[in-house]
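Student: sequence first, predicted model second:
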Amino acid sequence: MVMKRLLFVLLLLISLCDISAQTTISGNVRNEKKENVFNVTVVIKNISDNLIVGYSSTDENGLFSVTYDSNDSLLALNVQGFNIKKEICKIENKSQHIDIVIKEEPIVLQEVSVKSEKVWENNDTISYLADAFRDTTDIVIADVLKKMPGIEVKDDGKIEYKGKAISKFYIEDMDMLQGRYNIATNNIPASDVHLVQVMENHQEVKALKNIDFTDAVALNIKLKAEAKGTLVLMNELGVGYDEDMLWDVNIAGMRFGKKMQFISTIQTNNNGSNLSNKSNGGSGKFASTIKPSVPNIGDSRTTFNDSYGLTFNSLQKLNNDAELSLNILGGFDKNRKSSFARTSYLVPEIDSINIYETMNYGEKSYSLETDINYNLNTKLDYLKINFNVLGNDILNSSDIESSSLIRQKEDYQNLTAKAYIRWIRKSRTDNEKGIEINSRNTYNILPYYSDVSPGSFPEELNNGINYDMTKQNVDFTSFKSNNTFRFLTLFVIKRISIHPYAIVNVERQTLNSSILCFNDNQNVTDYNDNFNNDLVWLKTEGNIGFRFDYRKRRFTSELTLPVQIRHIDLDDNINENSKAETKVLFQPDVNLKYKLNNSLDVSATSRIYNTTPTLNTQYSSYILRNYRTLTRYDSNLSDTKGNTSSLKLSFNDVMNFIFGDISMNYNYQVNEVMYSQTFEDNYIIINTIDKRSYGDYLSFSLYLGKGFNWKRLNINGKCSYGFGKSPQLVQDNIATYNNQGWNANVTASMNITNAVIFSNKFSWSDMKSSIEGQTEPNDNILSFVENANIDFVLPFGFVFGSSFEYYFTSDNYGKQHFMLWDCNLSYTYKNLKFNMECNNILNTESFVYSYFTDIYNFYSSYHICPRSVMLKLKFEI
Amino acid sequence: MKIKLFITALLLLIFNIMMAQSPLSIDDYKQIGESQYVIVYEMSYVNDTSKLDKIYHDEIILEIGSELSKSYSYKTYRYDSTYTDSNRKGAHNYPSPKSSAFPVDVVKKYKDKKMTIYQRTPSDGPIFEYEENMNLFDWKLTSEMKEILGFACIKATCDFRGRNWAAWFTMDIPLQDGPWKFNGLPGLIMRVESEKGDYVFECIKIKNEKRQILLYDYFYDKSTYEEVSAFLIECHNDFNAYNRRIDPKGGLSIAKRDEVTGKVTFRDVGPNEIVPKPYNPIEM
């Protein structure tokens, strides 16, 4: 009974297996040589309906196994594969093992081809639809640009793309503003812009498109049809209060037509805002007064001003390839500065010489600049001609409380005319060949007048008798012409490409100076004394150079071999003598880079340099560099030669987001003369001594960073150490000054939430300076800075930001610390944008900093703008 | 004080961002095989699912030899070779990158039944290399038939990494291969497309050609499929952060202090904006 049951179950099981009908056919495929063949396809088909029921392929031992499901009694077994003659045979529908022998023969496929669709796109510029980025809080195009990926707009309107300043800013494909485009970004209404095009690798010169790779980026603004040809007025009005009324007004009128565009602006402010036409007056070249030294913490914190500016910019398109632009800028600026400074000279065998100065300074300046530019840009030719004329007039006066009360005044001008021509001509037969010529010519006239009371250096200038006032004129003119010639591409030997170039420079300068002593408003200068200079300097240079570029898989190298012939003629019309010198100089330069592996790179650079002397160190009669420094040099055309080298190992593991580098820098210098500095109390006299000196400097630095996905956290840190020595001639002693310093800083930034970003940076440094062989005196500066920023995007269109800074400085004279705190709130209502700024909320009076340079330690307490509130409104008419 | 604003809704944004890889020199290579057949596919795909009418095109070349096959983008090859050619002539030509170039090369090794995938990343990012089994596709044959380029083709479907794929293969061409990673059908794949139609490969050319199959001598970052696809998703989630990863010093800024003089200069911290990019990967 049990046996029957078991048998029944067994049969049932077997029949069940039959019902599932899974059959496996396995086997072995071999070729005629009895070798196993792999990758042969075995397909099993129903004979009834020709449907494939199963398939497989052979492994490296020629074995296959196909499991399938079919009800057909007979099946077709197809054997086919790469270079295998197709075999078909009929088999029974049951599990079995089959051995197959195939014939190997090359199979030729039936060739066929169809025309593909248009696969190659033409347009590679990225275009952003401005409306897609713009929201109601955006008034001008700068607001919208900030939101576009990779684009960052700085406070002064300058634009960077992926951290790099853009090279060109076009409006409707025309470059009207020639680099002063911040006028446009802060004034063109956001609603008038249709497209913003980002052109990476933008080669503005059509003729160089296939020759010079450039990583420059350009932006092109395309306006909406209704904005073209209409006059637009953009206004920004601001009022505020610190200890007095503050104002900030910007009005811009613009019109963009098809062939002509213009933007005209009027600006005035007294809160330190940058004027778009800010052109530097510059200081006197040979002499200047001692002024408060401005720390680099932002103009709005350090400037007490009254400024007015007017600009007019226009462009006319002459035809498809040529344009003419005109820019006129004018401005008036009045400002004042005050600070307390201590300059401590480290002098051998004496305690430091300390100079304490409390300074109050006021300045007035006028400037006017005209710029005309013509551009012709075709595929085979490029021509750019630019004329620029600039005039500046600066008057200032200051008083300094030191060991006595000193009054200084300056009145100087700068008149400069520039002409620049760039011409590129491509070969009509070979698309990659051509020539380029650049010529840059500048003519400067710099008249300078200053006076100081009481009279300086009575011992040297007035036979030891004290006197009331020193008056000085230092008039300088200069004509420079730099001309370069190069072939666009020329020789290639194996993997080395050779770029030859030639440069011809001419420089002619004159220096006329005189010092007069006045007492009781009478000129008391002794006519036997000669405090006048009348020099004419002429330098001509011819350079021929070759640059060799070699690139192989892991290794890139760039070697520049220039040969220079230089001739200098110096005529001294007062002492009636002349000096001349001709030199042949060789200043090679090499850059090497080797990729060790995916994440590690090593690079090395080295160059030899030989700097030309300038008129600044060639005059032999006294010039009063400032009220406490009197200088004169022997006119011996002396050079400074040296070598700068560096070695760096860089690491970047992209997958794990860790990066860093270790580098070493070395600089070695030889001077043919030494400058002796002789102190008499606070006063220094500088002379040249014919003596060679050597100095060197070595530094190491380590930089590491890591990024995390968590809240977009980024941390990076840098640590560096440097030391160097330089010989100085002080008080008739040659002493070697040793400088060494440590510096470390860490930055962290993260997005706490989508609406809150936080960033923090702190830096620390410790510097020492000492004289070799002396333990005293030496100087030590320790400083620490901590800066935290936080920004909130709040509902209802409010945005709030806050920035906090803490500074600590400690040196041989004491400790100082102070804090700066600024806040900012903005709100947009319909088409109006309100902005409220509270700066220096803690009302910190001065910004303190110190640093070393050469033989002195400089400490400054600079008077900064007090607590202020500013409310601005921006709107369009 | 800088006011930082953020990108909010991605949905309304209509832009065409260049996510193309940089060209590379093709001067250094080694030969890994020799082809007997060269099959060309036209690839059409959608990169931004919010812009279904914006279709990218590329040509995928499949070089088939006896031991292995290589599938690569012809567009990428073309601008790599233009770049190499100009460099040889001494010019520094950088041909305009095509954002539609498909950055994946696949080398299938028949004996080992393994394939090696080489994935290029945008800008100067790393080139990843990872290995996978060839039999990732669980094809189900159907009874549907169609004629493509004069060949009778049978339809097969499978689910692969987030998409439903439909492939037409022909028994008349006894090669178990196809474009990109596709393989494992008993005949050459003539057309394969995703269900939504956002990825389509269609054969446009079949040639009997002896060609060297090359592997270029680049620095490959060995990785895995999971790591690489996670990396690409991150890259598209925030292009700004990706850019800083590729070039850490670009755009990051710090309080700078001169080592010797101690003079402090401050540069504003770069934007921490999240910059997402549309991403419609072939494997999800």
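Tutor: That came in fine, so what should we check first? Residues are numbered from 1 along each chain as shown, chains lettered A, B, ... in the order given.

Student: every contact and neighbour count from this point should use C-alpha atoms.
Tutor: Will do.

Student: what sits against the residue in the stretch 101-250 of chain B positioned nearest to chain A?
Tutor: At 4.1 Å from chain A, B:Lys205 is the closest residue in the stretch 101-250 of chain B, using C-alpha to the nearest C-alpha. Contact analysis of B:Lys205 by C-alpha atoms under 8 Å, 6 or more residues apart in numbering or on different chains lists A:111-114, B:39-41.

Student: what does the stretch 101-250 of chain B put close to chain A?
Tutor: Residues of the stretch 101-250 of chain B lying close to chain A by C-alpha under 8 Å from any C-alpha of the partner chain are B:110-111, B:125-126, B:141, B:143, B:149, B:173-176, B:186, B:204-208, B:217-221, B:231, B:239-241, B:243, B:245-246, B:248, B:250.

Student: who's in contact with A:Asn843?
Tutor: A:820, A:866-867.

Student: quick check, nearest of those residues to chain B?
Tutor: Once C-alpha to the nearest C-alpha is applied, the member of those that ends up nearest chain B is A:Leu820, at 12.4 Å.

Student: so that closest one bridges to which residues?
Tutor: A:Glu805 (DSSP bridges).

Student: before we move on, back to that, what sits against the residue lying closest to the residue of the stretch 101-250 of chain B closest to chain A once chain neighbours are set aside?
Tutor: Spatial nearest neighbour of B:Lys205, chain neighbours left out: A:Ser113 (4.1 Å); criterion: C-alpha to C-alpha, 6 or more residues apart in numbering or on different chains. By C-alpha under 8 Å, 6+ apart, the contact set of A:Ser113 is B:204-206.

Student: pLDDT wise, what is A:Ser113 at?
Tutor: Model confidence at A:Ser113, given as pLDDT, is 81.

Student: next: A:Asn360.
Tutor: Among the per-residue scores, A:Asn360 shows a pLDDT of 95.

Student: surely it is in contact with A:Ala341?
Tutor: No - the pair A:Asn360 / A:Ala341 is not scored as a contact, 11.3 Å apart, by C-alpha atoms under 8 Å.

Student: so what sits against both of these two?
Tutor: By C-alpha under 8 Å, 6+ apart, the residues touching both A:Asn360 and A:Ala341 are A:Pro292.

Student: compare those two (neighbour count), which wins?
Tutor: Taking other C-alpha atoms under 10 Å in any protein chain shown, A:Asn360 and A:Ala341 do not tie; A:Ala341 has more neighbours (23 against 19).

Student: which element is the residue nearest to the more buried one when sequence neighbours are not counted on?
Tutor: Spatial nearest neighbour of A:Ala341, chain neighbours left out: A:Ser860 (4.3 Å); criterion: C-alpha to C-alpha, 6+ apart. Using DSSP states H and E, A:Ser860 falls within strand A:856-863.

Student: check which helices and strands the helix or strand just after that strand sits against.
Tutor: Downstream of strand A:856-863, the first helix or strand assigned by DSSP H and E is strand A:868-876. Strand A:868-876 sits against strand A:231-241, strand A:832-839, with contacts defined as 3 or more C-alpha pairs under 8 Å, 6 or more residues apart in numbering or on different chains; DSSP states H and E.

Student: average model confidence for the last one?
Tutor: What that stands for is strand A:832-839. Strand A:832-839 comes out at a mean pLDDT of 89.

Student: not counting its own residues, what contacts it?
Tutor: A:137-139, A:821-828, A:866-875.

Student: am I right that B:Asp80 is in a helix?
Tutor: Yes - counting by DSSP: H, G, I helix; E, B strand; the rest coil, B:Asp80 is located in a helix.

Student: isn't it right next to B:Leu24, touching?
Tutor: Yes - here B:Asp80 reaches B:Leu24: they are 5.3 Å apart, a contact under C-alpha under 8 Å.

Student: now, which of the contacts of A:Ser113 lie within strands?
Tutor: Taking DSSP state E as the definition of strands, these contribute B:204-206.

Student: picking up where we left off before, okay if I get the helices and strands packed on strand A:868-876 as JSON lines plus distance to A:Asp571 and mean neighbour count?
Tutor: Listed next are the helices and strands packed on strand A:868-876 as JSON lines, based on distance: least, C-alpha to C-alpha, whole Å; neighbours: other C-alpha atoms under 10 Å in any protein chain shown:
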{"stretch": "strand A:231-241", "distance to A:Asp571": "56", "mean neighbour count": "19"}
{"stretch": "strand A:832-839", "distance to A:Asp571": "55", "mean neighbour count": "20"}
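
Student: among the ones you listed, which is nearest A:Glu432?
Tutor: A:Glu432 lies closest, by C-alpha to C-alpha, to one member of the helices and strands packed on strand A:868-876: strand A:231-241, at 44.5 Å.

Student: enumerate the residues of the stretch 251-400 of chain A near chain B.
Tutor: Counting by C-alpha under 8 Å from any C-alpha, the stretch 251-400 of chain A sits next to chain B at A:296-297.

Student: so B:Pro186 sits right up against B:Met171, yeah?
Tutor: Yes - under the criterion of C-alpha under 8 Å, B:Pro186 makes contact with B:Met171 at 6.5 Å.

Student: of the helices and strands packed on strand A:868-876, which is nearest A:Ile91?
Tutor: Using C-alpha to C-alpha, the nearest of the helices and strands packed on strand A:868-876 to A:Ile91 is strand A:832-839, at 84.6 Å.

Student: what lines up beside that closest one in the sheet?
Tutor: Using DSSP bridges, strand A:832-839 pairs in its sheet with strand A:814-829 (antiparallel), strand A:868-876 (antiparallel).

Student: buried ones in the following helix or strand past it?
Tutor: Note on strand A:832-839: by DSSP H and E, the next helix or strand toward the C-terminus is strand A:846-853. By neighbour count on 16 or more other C-alpha atoms under 10 Å in any protein chain shown, the buried set for strand A:846-853 is A:846-852.

Student: among the residues you listed, give me the pair with the biggest separation.
Tutor: Applying C-alpha to C-alpha across those, the maximum distance is between A:Ser846 and A:Phe852, 19.9 Å.

Student: burial of B:Phe169, as a residue count?
Tutor: With other C-alpha under 10 Å as criterion, B:Phe169 counts 30.

Student: ok, the nearest residue to it once chain neighbours are set aside - how many residues close by?
Tutor: Leaving aside its sequence neighbours, B:Phe169 sits nearest to B:Ile189 (C-alpha to C-alpha, 6+ apart; 4.1 Å). Number of residues near B:Ile189 (other C-alpha under 10 Å) recorded here: 28.
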